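In: no sequence for this one, just the structure:
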């Protein structure tokens, strides 16, 4: 049985976009992952950067305050989009392995289902 990572999902890595610089910041829990999981997470975060999710999340702050369900739905779609980006670049399986072991991701079930469907050939990345 795979080890459950006793760490919240959001302390592994985050995409950061400050206009003049784009980067991925990793936390200490990131280094406990396998190399293939690390690469999959980095590619997922690059997907956020490429699709300008970081910038759009800044724009969501007023929406979050007034319409939290709408903001949550947009954030969920961005996570699924970044997962598809990682899958398109050949990292669906290690990302799936990571998601099956981590706790606290509110979109975990949807993300796992999407990656499994991609791996099964039922959904295009």
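Out: Right, received. Where do you want to start? None of these values were measured; they are calculated from a predicted model. Numbering: from 1, shown residues only.

In: Tell me which residue of the protein is furthest from the middle?
Out: The centre of the chain is farthest from one residue, residue 66, which by C-alpha atoms, centre = their mean lies 24.6 Å away.

In: Report pLDDT for that residue.
Out: Looking at residue 66, its pLDDT is 89.

In: quick one: it from residue 39, how far?
Out: As defined by C-beta to C-beta, to the nearest Å, residue 66 lies at a distance of 38 Å from residue 39. C-betas here are computed from N, CA, C, even on glycine.

In: Nearest residue to the middle of this structure?
Out: Nearest to the mean C-alpha position of the chain, by C-alpha atoms, centre = their mean, lies residue 79 at 4.8 Å.

In: helix/strand/coil for that one?
Out: Classification of residue 79 by DSSP: H, G, I helix; E, B strand; the rest coil places it in helix.

In: Correct me if wrong: it contacts residue 111.
Out: Yes - between residue 79 and residue 111 there is a contact at 6.2 Å, judged by C-beta atoms under 8 Å.

In: Overlap of the contact sets of those two?
Out: Any residue near both residue 79 and residue 111 by C-beta atoms under 8 Å, 6 or more residues apart in numbering counts here, and that gives residue 105.

In: where does the protein dip in pLDDT?
Out: Judged by pLDDT under 70, the chain has its weakly predicted residues at 1-11, 18-20, 122-125.
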